[in-house]
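Q: What would the 3D arrangement of this be:
(chains A, B, C, D, E and F)
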6 protein chains.
Amino acid sequence: MSTARLKLGVPKGSLQEATIDLFSRAGWKITLGPRSYVPAIDDPEIECLLVRAQEMARYVQSGALDAGITGHDWVVETGAEVDELAELVYAKQRLARVRWVLAVPEDSPIREARHLEGKTIATEVVGLTRRYLERYGVSARVEFSWGATEVKVPQLADAIVEVTETGSSLRANRLRIVDTVLESATVFIMNRSAACDSWRREKAESLILMLQGAIDAASKVGLLLNVRRDDLPSVLQVLPALKNPTISTLSDPDWVAVNTIIEEAVVRQLLPKLKAARAQGIVEYPLNKIVL
Amino acid sequence: MSTARLKLGVPKGSLQEATIDLFSRAGWKITLGPRSYVPAIDDPEIECLLVRAQEMARYVQSGALDAGITGHDWVVETGAEVDELAELVYAKQRLARVRWVLAVPEDSPIREARHLEGKTIATEVVGLTRRYLERYGVSARVEFSWGATEVKVPQLADAIVEVTETGSSLRANRLRIVDTVLESATVFIMNRSAACDSWRREKAESLILMLQGAIDAASKVGLLLNVRRDDLPSVLQVLPALKNPTISTLSDPDWVAVNTIIEEAVVRQLLPKLKAARAQGIVEYPLNKIVL
Amino acid sequence: MSTARLKLGVPKGSLQEATIDLFSRAGWKITLGPRSYVPAIDDPEIECLLVRAQEMARYVQSGALDAGITGHDWVVETGAEVDELAELVYAKQRLARVRWVLAVPEDSPIREARHLEGKTIATEVVGLTRRYLERYGVSARVEFSWGATEVKVPQLADAIVEVTETGSSLRANRLRIVDTVLESATVFIMNRSAACDSWRREKAESLILMLQGAIDAASKVGLLLNVRRDDLPSVLQVLPALKNPTISTLSDPDWVAVNTIIEEAVVRQLLPKLKAARAQGIVEYPLNKIVL
Amino acid sequence: MSTARLKLGVPKGSLQEATIDLFSRAGWKITLGPRSYVPAIDDPEIECLLVRAQEMARYVQSGALDAGITGHDWVVETGAEVDELAELVYAKQRLARVRWVLAVPEDSPIREARHLEGKTIATEVVGLTRRYLERYGVSARVEFSWGATEVKVPQLADAIVEVTETGSSLRANRLRIVDTVLESATVFIMNRSAACDSWRREKAESLILMLQGAIDAASKVGLLLNVRRDDLPSVLQVLPALKNPTISTLSDPDWVAVNTIIEEAVVRQLLPKLKAARAQGIVEYPLNKIVL
Amino acid sequence: MSTARLKLGVPKGSLQEATIDLFSRAGWKITLGPRSYVPAIDDPEIECLLVRAQEMARYVQSGALDAGITGHDWVVETGAEVDELAELVYAKQRLARVRWVLAVPEDSPIREARHLEGKTIATEVVGLTRRYLERYGVSARVEFSWGATEVKVPQLADAIVEVTETGSSLRANRLRIVDTVLESATVFIMNRSAACDSWRREKAESLILMLQGAIDAASKVGLLLNVRRDDLPSVLQVLPALKNPTISTLSDPDWVAVNTIIEEAVVRQLLPKLKAARAQGIVEYPLNKIVL
Amino acid sequence: MSTARLKLGVPKGSLQEATIDLFSRAGWKITLGPRSYVPAIDDPEIECLLVRAQEMARYVQSGALDAGITGHDWVVETGAEVDELAELVYAKQRLARVRWVLAVPEDSPIREARHLEGKTIATEVVGLTRRYLERYGVSARVEFSWGATEVKVPQLADAIVEVTETGSSLRANRLRIVDTVLESATVFIMNRSAACDSWRREKAESLILMLQGAIDAASKVGLLLNVRRDDLPSVLQVLPALKNPTISTLSDPDWVAVNTIIEEAVVRQLLPKLKAARAQGIVEYPLNKIVL
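A: Prediction:
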C-alpha cells in the first residue's frame, strides 16, 4: 500500500522565500526544481504545490489541497469554507501582520466611508471592499486593480483599498489612511474533511508544532550564567518570569549555573543588570527551535 | 495659455521596456523617475502614464487617457469602446503577435470545445473565455487565474486559456493546443471623442508615423553598390521590387551607384547573387527610420 | 630616436566611463589594465594617466601632464594657470554642464549671500566658496566636506555649496537654491609651455577635432530622400539651413537625391513635413562622426 | 630551524568552495589571494596548493604534495599509488557520494555491457572505462570528452560513462543508466613515504579529526530539555541510543536536565514524542563540531 | 516629557557595513532608509547619523553629535578635543588595526624622514604628515590627495603617507615602507560635556558593554564535554586558564560535565589533546555574546 | 522530399559568444534553447551543434558534422584530415590570432628546446608538444594538464606549452617565452566528402562570404564628403588606395560627392588631412557588411 500524503499548498510570490526558509528551520527542506510549481520536499508524507496566496483558499476548499499557508485576508476575500488551524506570525519577517486600508490622496475631501458614495475605488480585493461598503450602506464603483494600486489615485480612481504593513509605501505616495477594512496574518488552513481524517490532522499538527518552534526560536536566545548561591535571588529577580530558568548544581557547592531562554530584544537591557547583580561568565547563544 | 497635451498610456510590465525602446528609436525619450507611474517624456505636448496593458482600454474609454498602447486582446476582453488607430508590430521584439489558445494536458481526452462541458477552465481572460464557450453552447466553470496558469492543469483545472507566441512554454509544460480563442497584436488605441479633436488626432497620427518608421527600419538595411551601366539590368533583376532603388550618376559615366532599402533577412541570399551579377563595392549599412 | 608623446590626463571617477566611451567613438581605444591608473591607449603618441578631476589642473600646471580633461570648476578652484583649449560638451551625457550653487534647507531664513554672516558652510570647493563670500564682504566658516554634502544641512551646517545638474538631488533633499556660485563644463586643458610646442599643440588639436566630431555626431543623424525636381524648392524650405544639403543627380533626370545632416531631436517634426512636401524614400541613418 | 610543513592539495573547481567552507568550520581559514593557486592558510605548519581533482593523485604520488583531497574515482582513474586515509562525506554538500555510470539514450538497444561491442563511448575517465570493458571482454572505441559528455549521444557517441549524483541531469537529457562503473566519495589521500613520517602523519590525522568533527556537527544539533525524575525513563526511551545523553542534577531535586546530540533530520519526529513524554523547556541549538 | 536621546555618529563608508553588523550582533538593528544619512535604529533612546569617519571627531567636538565611532587616526588628524572611551577592535573584521606609513617607490633613494627635504608628499592626512615632518625638522611640500594615493609615486609625488593594514596593497604597487607615522584602531569617542551628563554617559557605557560582548563572542566558542571525575585534573590542565570552566554534577556521580569558553583559534590544537585526556562527548557550539 | 541541411559545428566555450555575435552580424540568428547543445538557427538549411573547439575537427573528420568553426591548433593537435576552407580573423575580437608557446619560469635555466631533455612539460596539447620535441630530438615527459597550466611551474612541472594572445597572462605569472610551437587562428573546416558535394560546398561558401563580409565591416567605416571639382585631386591623394572611391555628380556642377570605405583605425589621421585638403561636410557612418 502506498504512503499516505498530505497535499500542502505553499504560497508562491512574496511569502514564498520566507516560507521555504521557515520550513528549513523547522526541519523540512523544500527544493524548487524544473517543474517549479511542484517543489520537492524531503518528507515522503508531504506533497507540495506552489499556489498563489490569492488562490490558496479556493483550492483547499475544493480538496485539490489538504492544507495550505496563505493570508487570512484571502480566506475572507474568497469566502472559502476552510479551517484556520493556526496563525503563523513569522517573527523577523516581512508580512507578519498586515492591514487592508481604505486610502485617499492626502488632500482628498474623503474623511470617512460614507463620503465614498458615487466614487470609484480601485483594489485587488473587490469582495472585501464591497462588503465593507455594504456595512456602511454606501454605493460606489469598485474596480479590480491588476497591481500598482497606490498610484491610481487621483488620476484613475478616487480611493483605493490596499494592503500595508507599516504605511510607508502609502506615505511615499502621499496617501492618507481613512479606515482599516481588515487586519490579517499568515494562517495555516485545512480542508474541512481532511481535518476530520486523523492521520492528516495529526500530520498537520506536528507540522504546525515545528513551524511554531522555529518561529519562536527566531526571536529568542539562550543565556547561560554562573552565580554564587547567595546572589541567586537578586539575579532571578532581574530575569523575566517567562518560564522558570534551569538552575544546575555545580561541583563547587557555593555556585550554581543558570540557563534560560529570553527574548533577544531584551538582552541589551538585561546584561548590564545581570552584571550589576554579580552574575559571572554570562554567555548568550543562538537557538534553532524551542518548545516550552 | 497652457500647452495642449495628449494624455498617453504606456503599457507597464512585459511590453514596457520594448515600448520605451521603440519610442527612443522613434525620437521620444521616456524616462522613468521617482514617481514611477508618471514617466517623463521630452515632448511638452505629451503626458505619459504607465498603465497595465489589462487596464489600458478601460482608462482610454473613460477619457482618463486620450490614447494608449495595449494588446488587441485586452480591448476585446474589457469590451471597451475605443478606436484602434494602428497595429504596431514591433519588429524583432517579443510579443509581436500572440494567440490566446485553449490548451489541455497532452493526454487529456478533450479534443474540441464541446468536450469542455462541465469542466473547469483557468484563465486570465474570463470574458474572452466565456464568450468563446457561448459560441459553442458549452457550459463550463471559468476561474480567474492570478498567473502561472499553464501549471494549473491537471491538478487544479481541466483546461486553460492562455497566451502564447511560439507555443514553446506550452510544450515545455506538456500541454496540447485544442483551439485558438483569439489572435492579437499590439495596437494604438484612442478615446473616441479625443479622436474627433483635430489637434489630438494629428498629434496621435504623427506619433504613429514615427513609431512605424522606427518599426520598419528595425528589420531593414540600406544597400549601396556600384555597377557598370551595362550590368545594371541584371543587377536590378536581382533586387526585390519593393520600391525602385535610387540610381545615381557618377563622375565616371560608365558607372552608376545604386542605393536601396531591403529586408535584412534577405541580404544573405541577395549578396551572393549581386556579386554574381558583377555589382562592386557592396556595402550594407544600418538604418534608424524609414518612410517610403 | 624615441617617439614624442603627449602626456594626457583622463578624469578618474564620475566622468571616466563617459570619457573612455567618447574616446572610443573618436577613434582611440583606452583600456584599463592591472596598473589601473596608467590605462593603455592604442596610439603610441599618447601616454594616458587616470587622475581625479579635482587634481587634474594642478598636475597639468606643474607639467607632470601636458594636457588633461577636467571640469572648468576645478581649474578655477585650484587657481591653476593652464590653457583651456576647448569646451567638450559631451552630448547625451551626464555632466554636460553643471552649476555650483549655494543651497539651504527649504525653510531656512537665508535668502541671499549676505545672510551667511557668521554661518557654517560645508563644501568640496573651499576656495570657490571663500572667493564668493569675499565678493559679498561676508565672513563665514567654510568647512571642507568629504562627500554627501547635501545631507549636512541643517544638522551639521547652515548652508552648502554643491554641484548640481538638474537640481533634482537638491530637491529630493528639500534644499532651496539661493545663488549660483559658478557655471562649469568639461574642458580640455593644456600646460602653457606644452601648448607652445608645435608638435604637442598639433597633436592636442587633432585630438580635439576628433572628439568634437564624435560629440557632434552623437546628437545628429543623416537623412536621405528622393524628390522630384519640381518639388525640390518646397522640400528644401522644410530642411533646416544648418548647412546646404547635398543634392545628387540621378539616372532619371526628373529626380534628385538629397542627403543632409540634421539634429536627431528635430526629425520627429521634420518627417511629417517632408512627407507632406512629397519627398519619397525617406531614410534616417546613424552617424559616427561629422566635421562640417 | 625552519618549520616543518605539510604540503596539502586542495581541489580546484566544483569541490573547491565546499572544501574551503569545510576547512573554515574545522578551524582553518583558507584565503585565495592574487596568486590564486597558492592560497594562504592560517597555519604555519600547512602549505596549500590548489590542484584539479583529476590531477591530485598524480602529484601526491610523485611527492610534489604530501597529502590532498580528491575523489576516489580519480585515484582509480590515474592508477596512482597513494594511501586513502579517510573518506570525507561532506554532509549537506553536493558531491557527497557519486557514481560513474554507463548511460545510453532512452531508446537505445544497448541493455548491458556486451552490447557495446564496436561502439563509440565518450567519457572523461578513459582509463576506468577501458578497464570496465576489459572486465566484460568487450572491444569498443573510448573517446576522451572535454566536457558536456551527456549531450554527445546519440549524434557523436553511442554511449557515455559519466558521473552522477541523483541521476537528474541524465534523466533531463533522456538517458538511461545501463550499469554502474564505479562508486566514489571524497577521500583524504597521502603520499606513501610522507605517511611514514611521524610528524606529517600526526598532522594529517589531527586535520582529519577536525574535518570529521565539523562534518559530523553539520548534520546534528544539540537538544536541551528539563524533565521530572519520574518521567525520565519514558523520555530516555524516546531518545535515539546514539550516545548516552548527559543528565545533570538541578537545584530542584525533583527535576533533571538532559543534554543530547541528535541527527537534525529526526528532530521533527522526536519533538512531538518528547512533548508527549512530558519533557519541558525543549531547546534545539546549533553545533560547530562534535567529537563523541 | 520627551525621551532623552544619545546622538550617535556611525561611520559611513569602509567601516559602515562592519559597524552595522556589529550593532546587530550587539542587539541594535540599524536600518538604512530613504534619507540615507539618518538611519533608523530600534532604540528610542538613540538617534543615529551617518558621518564620514574623517569628519566624525569634528562633529563630536562641536556637540552636533554626543558620541561616535571613528578611527583614532582621524581624531589626531583633526586635533579634535573629544574623549576616547573605548577601543573597539572588531574581531574578524578588516581594519581592526591600521598604520599610516611613509612609503616610497621600491627603488627610491629615500631611506628615512630627513631625505624628504624639498620633496613632494601626497596624502589624505595633511595634518599628521606636517606634524611628522616637524618632528624631524624637515621642510617638504605636502599635497592633499583625493584618493588612489598609492599610484601617485613616482610620476606625481616623491613619497606618500598612506594607511595600510597588511601592507599588501603597497607591495602590489611596488612601494617600500620607510617609517610608521601613526598606529590607529577604531575608537568610541564622546563629546566632553556629554560625557559629564550621567544619563548619556551610562547609555554610552552600556552600549560599549554590549558591543564588546559581541566583539568578544565573535572570536570565541563554547565547549561542552563530559569527563570521569578521575580524569578531571588532566582535562583541566589542558584547558586554557582564561576563566575557570563551569563544572556541573551529573546524575551519574562518577561523571561531571565541563562547559567552557575558549578562543576559536585554539580549538584545533585543544581537541586532539582533550580526546587524549579521555574527555567524551566533546561539543563545540557558537556564541552570540559573552560578558565574563 | 525533405530539405538538404548543412550540419555545422559551432565552438562551445571561449569562442562561443563571439561566434554567435558574428553569425548575427552576418545575417543568421543562433538561439540557445533548453537543449543547449543544439541551438536553433533561423535557416532551415543549416543544423547547428555546439561542440568544444578541441573536439570539432574529430567530429568533422568522422562526418558527424559537415563543417565547423574551430582553431587551426586543434586541427593540428588532433591530426584530423579535414579541409580548412577559410581563416576567419574575427576583427575586434579576442582570440583573433594566438600562439602556443613553450614557457618557463623567468629564472629557469631552460633557454632553448634542447634544454628540456629529461624534464616534465605540462600542456593541454600533448600531441603538438611531442611533435615539437621530436623535431629537436629531445626526450621529455609530457603531461596532460586539465587547465590552469601556467601556474604549474615550477612546483608541478619544469615547463609548459600554453596558448597566448598578448603574453600578458604569462608575464603576470612571471613566465618567460622560450619558443613558439604553433601559430593559430580561427578556421572554417569542412569534411572532405561533404566538400565534394556541390550543394553543401556552395552553402558553406555563401556562409563564408557573409561571415567575411561582417568581419570586414567591423573594422571599417563609410566616409562621405563633398569637394569642389578643383580640389578633387588633392583630396583623392589623401585617401588610401584600397579601392577607388565612388564619386557622384551633384546638381551643382562645381561640386562632387565622394563616398568611400576606409579602416576605422586610420580615420583619426585622415580627417585632419581631408579638412586641410578642403573637403566639406565630412561624415563617418557605420557599416554592417562589405563585399568589395
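Q: same for the helix or strand of chain A with the lowest mean pLDDT, what does it pack against?
A: The helix or strand of chain A with the poorest confidence is helix A:168-172; it has a mean of 86 (mean pLDDT, DSSP states H and E). If you count contacts as 3 or more CB pairs under 8 Å, 6 or more residues apart in numbering or on different chains; DSSP states H and E, helix A:168-172 packs onto no helix or strand. The way it works is simple: take the backbone N, C-alpha and C, and place the C-beta from them, glycine included.
Q: outside of that helix, which residues touch it?
A: Applying CB atoms under 8 Å, 6 or more residues apart in numbering or on different chains, the external contacts of helix A:168-172 come out as A:Val101, A:Ala103, A:Glu150, A:Glu162, A:Thr164, A:Arg176, A:Ile177, E:Pro34.
Q: Output that helix in PDB, but only the C-alpha positions, please.
A: Extracted C-alpha coordinates of helix A:168-172, given in PDB (Å, rounded to 0.1, in the frame of the first residue of the first chain):
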ATOM      1  CA  SER A 168       5.400  53.800   4.500                       C
ATOM      2  CA  SER A 169       4.500  53.000   0.900                       C
ATOM      3  CA  LEU A 170       1.200  54.800   1.300                       C
ATOM      4  CA  ARG A 171       3.000  57.800   2.800                       C
ATOM      5  CA  ALA A 172       5.600  57.800   0.000                       C
END
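Q: helix or strand right after that helix?
A: The helix or strand immediately downstream of helix A:168-172 is strand A:175-190, counting by DSSP states H and E.
Q: Report whether that next one contacts chain B.
A: No: figure legend: strand A:175-190 not in contact with chain B (CB under 8 Å from any CB of the partner chain); closest approach 12.7 Å.
Q: Poorly predicted segments of chain A, please.
A: Along chain A, segments meeting pLDDT under 70 span A:1-3, A:34-36, A:90-96, A:241-243.
Q: rerun that using 80 as the cut-off
A: Across chain A, the ranges flagged by pLDDT under 80 are A:1-3, A:14, A:33-36, A:90-96, A:241-244, A:292.
Q: what about the longest helix in it?
A: When chain A is parsed with DSSP state H, its longest helix is helix A:198-218.
Q: thinking again about what came up before, save the contacts of helix A:168-172 as CSV, and put in secondary structure too.
A: What follows is those, written out as CSV (DSSP: H, G, I helix; E, B strand; the rest coil):
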residue, secondary structure
A:Val101, strand
A:Ala103, strand
A:Glu150, helix
A:Glu162, strand
A:Thr164, strand
A:Arg176, strand
A:Ile177, strand
E:Pro34, coil
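Q: residue in the stretch 51-200 of chain A nearest to chain E?
A: Of all residues in the stretch 51-200 of chain A, A:Ala172 sits closest to chain E, at 7.7 Å by CB to the nearest CB.
Q: quick one: buried residues of the least confident helix or strand of chain A?
A: A:Leu170 (16 or more other CB atoms under 10 Å in any protein chain shown).
Q: next one: stretch A:30-48
A: Using 16+ other CB under 10 Å as the test for burial, stretch A:30-48 gives A:Ile30, A:Tyr37, A:Pro39, A:Ile41, A:Asp43, A:Ile46, A:Glu47, A:Cys48.
Q: before we move on, the earlier item: narrow the contacts of helix A:168-172 to just the buried residues.
A: A:Val101, A:Ala103, A:Glu150, A:Glu162, A:Thr164, A:Arg176.
Q: shouldn't the first one be in contact with A:Thr180?
A: It stands for A:Val101. Yes: here A:Val101 reaches A:Thr180: they are 5.4 Å apart, a contact under CB atoms under 8 Å.
Q: Give me the neighbour count for A:Gly222.
A: A:Gly222: 21 surrounding residues under other CB atoms under 10 Å in any protein chain shown.
Q: ah, wrong one, I meant A:Gly137
A: Residues near A:Gly137, counting by other CB under 10 Å: 9.
Q: Tell me the residues of the stretch 101-250 of chain A that contact chain D?
A: A:Ser206, A:Leu209, A:Met210, A:Gly213, A:Ala217, A:Gly222, A:Lys243, A:Thr246, A:Ile247, A:Ser248, A:Thr249.
Q: For ChimeraX, what selects the buried ones among those residues?
A: Only the buried entries of those go into this ChimeraX selection, using 16+ other CB under 10 Å:
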select /A:206,209,210,213,217,222,246,247,248,249
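Q: one step back: nearest to D:Gln61, of the buried ones among the contacts of helix A:168-172?
A: A:Thr164 (66.6 Å; CB to CB).
Q: And that closest one, how close does it get to C:Arg229?
A: Distance, A:Thr164 to C:Arg229, using CB to CB, to the nearest Å: 69 Å.
Q: before we move on, back to that, could you dump the buried residues of stretch A:30-48 to a markdown table with distance to chain F and secondary structure?
A: Shown next, in a markdown table, are the buried residues of stretch A:30-48 (distance: CB to the nearest CB, whole Å; DSSP: H, G, I helix; E, B strand; the rest coil):
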| residue | distance to chain F | secondary structure |
| --- | --- | --- |
| A:Ile30 | 24 | strand |
| A:Tyr37 | 17 | coil |
| A:Pro39 | 20 | coil |
| A:Ile41 | 25 | strand |
| A:Asp43 | 30 | coil |
| A:Ile46 | 29 | strand |
| A:Glu47 | 26 | strand |
| A:Cys48 | 24 | strand |
